[in-house]
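Novice: Predicted model follows, preceded by the sequence.
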Amino acid sequence: MALKVNEIFYSIQGESTYAGCPCVFVRLTGCNLRCSYCDTQYAYEAGEDLAFSDIVNQIASHQCSLVEVTGGEPLIQKETPALIHDLLEKGYKVLLETNGSQDIGQVDDRCITILDVKCPSSGEANKNDWDNLSKLTEGDEIKFVIGDREDYDYAKKVLDHNNISTSGVNAVHLSPLHGKMAPKDLAKWILEDHLNVRLHLQLHKVVWDPNQRGE
Ligand code: SF4
């Protein structure tokens, strides 16, 4: 089995409760969405077909037990759930970062899914697959990237409507869009509304140059 891979690299996890942990990233090629703020456009097309054994060998070379499968959108390649399963069987802790438009039901429950819910300013909010919310398990996490007040109100409505704060996911993150949404304004809104969420800053963009790829 093989997957089209854009890059495999070792860095600090930046977008979940695992933020700050050393992690090997497997960035798969291709995405079905075109978010207005996308910072991984280089992954839309470029990549090479790698056999699972090559991917696993590259991961192993980094001597790190935490692996994140990301993109692009990893679930548009049909072999992705099989790679996740293989990595779990080898004893890795596996995170999956997915854009929320693809069915997560095919992914091994031991994998920690970090599910994006796209808000209006992404331009792709109509692509959310709402059935995914009921497929999340207690280790999984939800992330909303917030670009403005309309996005915040949208996220709040989604959380209220689906009763998400009590549905057994590990965390719900509201992440201010880098360079557009002031973190302190988002923090103020969260506190005013007593939301049971985490204000999440993209740690890798604080640590590294925000425009640098492969970090
Ligand atoms: S889902 Fe992610 S990779 Fe795809 S366009 Fe949106 S931000 Fe970019």
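Specialist: Cool, got the structure.
Novice: Looking at this structure, which strand is longest?
Specialist: Here the longest strand in the chain is taken by residue count, with DSSP state E as the criterion, and it is strand 2-12.
Novice: My read is that residue 169 contacts residue 138, right?
Specialist: Yes - in terms of C-beta atoms under 8 Å, residue 169 counts as a neighbour of residue 138; the distance is 6.7 Å. C-betas here are computed from N, CA, C, even on glycine.
Novice: Show me which of these two is the more surrounded one.
Specialist: Between residue 169 and residue 138, counting by other C-beta atoms under 10 Å, residue 169 is the more crowded of the two (18 against 9).
Novice: Using the three-state scheme, assign that one.
Specialist: Three-state call for residue 169 (DSSP: H, G, I helix; E, B strand; the rest coil): coil.
Novice: Kindly report the residues of the protein close to the ligand.
Specialist: Among all residues of the chain, those adjacent to the ligand (criterion: C-beta under 6 Å from any ligand atom) are 31, 33, 34, 35, 38, 40, 71, 72, 73, 99.
Novice: Sticking with the residue located most distally from the centre of the chain, tell me its helix or strand.
Specialist: Most distant residue from the mean C-alpha position of the chain: residue 192, 26.8 Å away (C-alpha atoms, centre = their mean). With elements taken from DSSP states H and E, the one containing residue 192 is helix 183-193.
Novice: Give me the mean pLDDT for the next helix or strand after that helix.
Specialist: Remark: after helix 183-193, the chain's next helix or strand is strand 198-199, criterion DSSP H and E. Taken as a whole, strand 198-199 has a mean pLDDT of 96.
Novice: Same check on stretch 179-191?
Specialist: Stretch 179-191 comes out at a mean pLDDT of 96.
Novice: Could you check the angle the lengthiest helix in the chain makes with helix 183-193?
Specialist: Once the chain is assigned using DSSP state H, the helix that runs over the most residues is helix 149-162. Using axes from the mean of the first three to the mean of the last three C-alpha atoms, to 10 degrees, the inter-axis angle of helix 149-162 relative to helix 183-193 is 40 degrees.
Novice: And the residue nearest the centre of this protein?
Specialist: Centre of the chain computed as the mean C-alpha position; nearest residue by C-alpha atoms, centre = their mean is residue 97, 2.9 Å away.
Novice: Dig out what it forms beta bridges with.
Specialist: On the basis of DSSP bridges, residue 97 takes part in beta bridges with residue 114.
Novice: In contact with it, which residues?
Specialist: With C-beta atoms under 8 Å, 6 or more residues apart in numbering as the criterion, the residues that contact residue 97 are 15, 16, 68, 69, 70, 71, 74, 114, 116.
Novice: now, which of those lie within helices?
Specialist: Under the assignment DSSP H, the contacts of residue 97 contribute nothing to helices.
Novice: tell me which residues of the longest helix of the chain are tucked away?
Specialist: Along helix 149-162, these residues count as buried under the neighbour rule (16 or more other C-beta atoms under 10 Å): 151, 152, 154, 155, 156, 158, 159.
Novice: Do I have it right that the third one meets residue 119?
Specialist: Yes - judged on C-beta under 8 Å, residue 154 makes contact with residue 119 at a distance of 5.0 Å.
Novice: before we move on, the earlier item: mind listing what's buried along the longest strand of the chain?
Specialist: 3, 4, 5, 6, 7, 8, 11, 12.
Novice: what's the answer for stretch 193-212, then?
Specialist: Within stretch 193-212, the residues that qualify as buried by neighbour count (16+ other C-beta under 10 Å) are 195, 197, 198, 199, 200, 201, 202, 203, 204, 205.
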